[in-house]
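Asks: coords please:
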Amino acid sequence: MRITVKGKNCDVPERIRDEATEKLSKVSRLFDRFIDMEVVFSEETNPRIEDRIRCEVALHAKGKYLRATGSGPDHFTAIDRAEAKLARQVRKFKTKTVSKPRLEAANSVPAGRDPQPDPLS
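Replies: Residues are numbered from 1 along each chain as shown. Predicted structure coming up:
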């Protein structure tokens, strides 16, 4: 999986890039069919907003995009909050993709076999 980290109207130091890559790569352990991930940091200029740093994560899987945002007073808190939201979405996505084929297979009747006769008739 390719991870791209960039800043929008702000510079992102190398240690924050490394931290974002390390934390967000844990999501790929939950489900390994992702193509790429884009992480964008931005900073609010309004002094009334306490959580000034914002981390937006977009995860691309085949035919599906998952997005999560997290805000915090510093970059590390924003990364943690975005990662928690994204991990929940990935678990939900994996459950849907894995359970659906199994459910269809369990409910279908194999070809060439008649369904079991009703014992009451």
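Asks: which strand or helix spans the residue most central in space within the chain?
Replies: By C-alpha atoms, centre = their mean, the chain has its centre lying nearest to Leu86, at 3.8 Å. Leu86 is located in helix 75-107, with elements delineated by DSSP states H and E.
Asks: quick one: distance of that helix to the chain centre.
Replies: 7 Å (C-alpha atoms, centre = their mean, to the nearest Å).
Asks: kindly report the same for stretch 23-33.
Replies: 8 Å.
Asks: do the same with stretch 41-49
Replies: On the basis of C-alpha atoms, centre = their mean, stretch 41-49 sits 25 Å off its chain's mean C-alpha point.
Asks: and that stretch, which residues are buried?
Replies: Buried residues in stretch 41-49, defined by neighbour count with 16 or more other C-beta atoms under 10 Å: Phe41, Ser42. From N, CA and C alone the C-beta is placed, and that goes for glycine too.
Asks: stretch 70-84 too?
Replies: Applying a neighbour-count criterion of 16+ other C-beta under 10 Å, one finds Gly70, Ser71, Gly72, His75, Phe76, Ala78, Ile79, Arg81, Ala82, Glu83 buried in stretch 70-84.
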